[in-house]
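Just a sequence and a predicted model for now, questions to come.
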Amino acid sequence: MKTRERIFYYDFLRAFAIIAVILCHIDLFYGFLSTPIELIVKLTIHDIGRIGVPIFLMISGALLLNRDYTLSDFLKKRFIRIIYPFIFWVSLISLGMFLSGSNYHMIWDVIVGNFSVTWYFWTLIGIYFSFPIINSFLKEYGEDGQKYFLIIWFFTIILKTFNSYPLFENFNLDFFAGYIGYPILGYYLNNKKFNIEDKKLCIISFMVLIISLGAYVYIDYNKLNLINLIYQNIPMIFISSSFFIFIKSIDNITSFKEIKDNAIGKIIYSLSIYSYGMYFSHVIVLKVLSYFNPHSNILVPLVLLAMVFLSWLLVYIVSKIPYLKKFSGV
């Protein structure tokens with residue numbers, strides 16, 4: 001499998017995604033919310049954070065689909081890259097839980113992803129198992145194959161949005177349903193040439209992003225019985241895909257020249273390459289910071305900055321220890 005040159009807007013998306021994931025997990029640091037406006041603001045921030053997981057999956061598809069590789073090469077390189085960090089960080093998390101008095105059942109729930117961020121690892125494992133099959137399918141059928149798969153996936157998402165999947169008991173579309181559509185969507189959007197100039201596409205995608213995010217927050221605020229599945233619903237598809245197109249359009253227009261080679265660009269690059277390890281390490285940082293919880297809405301931005309920096313620092317330190325780099329998630 002050949003190594004491709006780094007594409008900055010991928011790094012930008014990945015850096016945003018890890019910050020979004022952390023943003024989604026700082027709810028316990030908020031203080032009392034006394035007005036509907038305060039609650040809406042909190043929900044909006046939280047729902048922006050939910051973009052992180054779909055973006056991670058879409059980047060995986062953009063990078064790993066329609067590639068030339070052998071089955072053994074893919075399994076060895078890709079699985080080792082995600083399994084070793086999982087074992088390392090989950091071992092640390094489990095040890096911390098054990099020392100703080102958690103029982104084995106609680107620790108096991110964390111390992112297998114029940115009510116824990118480690119659910120993403122197991123989701124990723126399942127997606128990676130299917131990638132060689134999807135890869136061959138896309139190489140054979142090209143854009144028509146992409147559209148075919150995405151249309152069926154979107155149909156299952158419509159049903160899931162309204163809690164109607166499966167439509168009939170024996171009408172099984174499980175292979176198309178679930179998270180697998182996001183990597184294919186990411187690959188499709190990354191390679192799709194829209195018949196519209198980038199400036200207009202940038203504006204349109206931003207408008208779609210705001211409208212779909214508003215719809216998501218509205219559903220969330222009014223507790224409508226629609227989005228029980230956080231990532232598998234219509235608004236989230238429009239939010240994540242419009243954000244992906246928005247950033248890609250900006251890159252086409254500016255190539256991020258203003259920030260790519262300065263300090264901000266270096267921070268974005270660093271967050272990107274450390275993002276997988278940070279996905280796990282932020283759980284440890286979150287637990288430690290919870291002992292110093294100010295319960296202040298004003299201090300939430302500082303808590304976010306502290307979470308991002310300390311999660312990054314933890315991975316950075318581990319990556320500099322001999323023999324531990326491959327376990328760090330870098």
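Thanks, I have the structure now.

By average pLDDT, which secondary structure element in this structure comes out worst?
Ranked by mean pLDDT, DSSP states H and E, the weakest helix or strand in the chain is helix 257-260, scoring a mean of 85.

which parts of that helix are buried?
Lys260 (16 or more other CB atoms under 10 Å). No exception for glycine: its C-beta is placed from N, CA and C like everyone else's.

where are the low-confidence patches of the stretch 151-300 of the chain?
Along the stretch 151-300 of the chain, segments meeting pLDDT under 70 span 225-229.

Determine the set of other helices and strands touching the longest helix seen in the chain.
In the chain, taking DSSP state H as the definition, the longest helix is helix 119-161. Using 3 or more CB pairs under 8 Å, 6 or more residues apart in numbering; DSSP states H and E, the elements in contact with helix 119-161 are helix 52-64, helix 71-99, helix 181-191, helix 234-254.

Turn those helices into CSV, columns for distance to Phe137 and mean neighbour count.
Output for the helices and strands packed on helix 119-161, formatted as CSV (distance: least, CB to CB, whole Å; neighbours: other CB atoms under 10 Å):
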stretch, distance to Phe137, mean neighbour count
helix 52-64, 13, 24
helix 71-99, 14, 15
helix 181-191, 9, 23
helix 234-254, 21, 21
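
Now render those as a markdown table, adding distance to Val208.
Listed next are those as a markdown table, based on distance: least, CB to CB, whole Å:
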| stretch | distance to Val208 |
| --- | --- |
| helix 52-64 | 15 |
| helix 71-99 | 31 |
| helix 181-191 | 13 |
| helix 234-254 | 4 |
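
Phe129: which of the ones you listed is closest?
Nearest of the helices and strands packed on helix 119-161 to Phe129, taken as CB to CB: helix 71-99 at 8.9 Å.

So what touches whichever helix or strand comes after the closest one?
Using DSSP states H and E, the next helix or strand after helix 71-99 towards the C-terminus is helix 104-112. For helix 104-112, contacts defined as CB atoms under 8 Å, 6 or more residues apart in numbering pick out Val90, Ile93, Ser94, Met97, Phe98, Phe115, Ser116, Thr118, Trp122.
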